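Engineer: Can you look at this prediction? I've put the sequence above it.
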Amino acid sequence: AQKVTQAQTEISVVEKEDVTLDCVYETRDTTYYLFWYKQPPSGELVFLIRRNSFDEQNEISGRYSWNFQKSTSSFNFTITASQVVDSAVYFCALSEVYSAGGTSYGKLTFGQGTILTVHP
Amino acid sequence: DAGVTQSPTHLIKTRGQQVTLRCSPKSGHDTVSWYQQALGQGPQFIFQYYEEEERQRGNFPDRFSGHQFPNYSSELNVNALLLGDSALYLCASSRQGWGTEAFFGQGTRLTVV
């Protein structure tokens, strides 16, 4: 069965510090997708990034960057120069493929989440 | 373009009652998934609907059931409510297929007393 572990329950930093959120996953499939979502206090999960298992290139988007390493089953997320608005709960998620009747489906398995608090 | 909308936003029910939660997907999306998020936990997959049929189901009892309508909107029904059903219920919509980006609504906060 697939599993996602976010070992850091809470992280507290001061504004402008860099912070890395760890994510380790388990799956028996060779083909899968990994995601990061942000959940602000409003409750809505906001999509940040998607990465498929065949693409190990790191990605940078503004102050956000992601490091995907299949060898260690990790998909870590770094925020550079953190800001107060980055305060939220961050979830890592894994999607394996399920096929039926010629159609493919996916469901998300989430980690427990990491609460990030950025102090001014 | 409206995103995923859920109603109601908050709900208080008594143990043993039944509840119906509603979800309208983002325009252009045909697949709806429901997740339960207990306080301090990550969302847990309940089930997924496509073409008005349940396509996948997580580890939830039959008390949890759903429906998808021809306009792709969906309902989640929970019968015989337990105190442990208190949670944030999130609806996610996507285009059919594996690995497509899922957009989430703001959720319905259900409290069972």
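Structural biologist: All right, it came through fine.
Engineer: can you give me the helices in chain B?
Structural biologist: Under the criterion DSSP state H, helices are not mapped anywhere in chain B.
Engineer: Give me the number of neighbouring residues for the closest residue to chain B within chain A.
Structural biologist: Going by Cβ to the nearest Cβ, chain B is nearest to A:F110 of chain A, at 3.4 Å. Backbone N, C-alpha and C define where each C-beta goes, glycine included. Each residue near A:F110 was counted by other Cβ atoms under 10 Å in any protein chain shown, and the total is 21.
Engineer: and what of B:L81?
Structural biologist: If you count neighbours by other Cβ under 10 Å, B:L81 ends up with 19.
Engineer: Give the full set of residues in contact with it.
Structural biologist: With contacts defined as Cβ atoms under 8 Å, 6 or more residues apart in numbering or on different chains, the neighbours of B:L81 are B:13-19, B:112.
Engineer: where does chain A come near chain B, residue by residue?
Structural biologist: Contacts of chain A with chain B, taken as Cβ under 8 Å from any Cβ of the partner chain, map to A:4, A:33, A:37, A:42-47, A:50, A:52, A:91, A:93, A:95, A:97-98, A:100, A:103-113.
Engineer: pLDDT, neighbour count and distance to chain A for the contacts of B:L81 - can I get that in JSON lines?
Structural biologist: Rendered in JSON lines, the data for those read as follows (pLDDT from 0 to 100; neighbours: other Cβ atoms under 10 Å in any protein chain shown; distance: Cβ to the nearest Cβ, whole Å):
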{"residue": "B:K13", "pLDDT": "98", "neighbour count": "16", "distance to chain A": "19"}
{"residue": "B:T14", "pLDDT": "98", "neighbour count": "8", "distance to chain A": "23"}
{"residue": "B:R15", "pLDDT": "98", "neighbour count": "12", "distance to chain A": "24"}
{"residue": "B:G16", "pLDDT": "98", "neighbour count": "10", "distance to chain A": "26"}
{"residue": "B:Q17", "pLDDT": "98", "neighbour count": "12", "distance to chain A": "23"}
{"residue": "B:Q18", "pLDDT": "98", "neighbour count": "11", "distance to chain A": "23"}
{"residue": "B:V19", "pLDDT": "98", "neighbour count": "18", "distance to chain A": "18"}
{"residue": "B:V112", "pLDDT": "98", "neighbour count": "19", "distance to chain A": "18"}
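Engineer: Point to the residue nearest the middle of chain B.
Structural biologist: B:W34 (3.2 Å; Cα atoms, centre = their mean).
Engineer: Bridge partners for it, pull those for me.
Structural biologist: Beta bridges link B:W34 to B:F47, B:C91, judged by DSSP bridges.
Engineer: which residues sit in contact with residue 16?
Structural biologist: Since you didn't name a chain, this refers to chain A. A:81-83.
Engineer: Correction: the question concerned chain B.
Structural biologist: With contacts defined as Cβ under 8 Å, 6+ apart, the neighbours of B:G16 are B:80-81.
Engineer: which residues sit against the helix or strand bottoming out on mean pLDDT in chain B?
Structural biologist: Using mean pLDDT, DSSP states H and E, strand B:53-57 stands out as the lowest-scoring helix or strand of chain B, at a mean of 90. If you take Cβ under 8 Å, 6+ apart as the criterion, strand B:53-57 is touched by A:98, A:100, A:103, A:105, A:107, B:45-49, B:66, B:68.
Engineer: Which positions within it qualify as buried?
Structural biologist: Within strand B:53-57, the residues that qualify as buried by neighbour count (16 or more other Cβ atoms under 10 Å in any protein chain shown) are B:55-56.
Engineer: hang on, the earlier thing: what residues are up against the residue of chain A closest to chain B?
Structural biologist: With contact taken as Cβ under 8 Å, 6+ apart, A:F110 is in contact with A:4, A:37, A:91-93, B:35, B:42-44.
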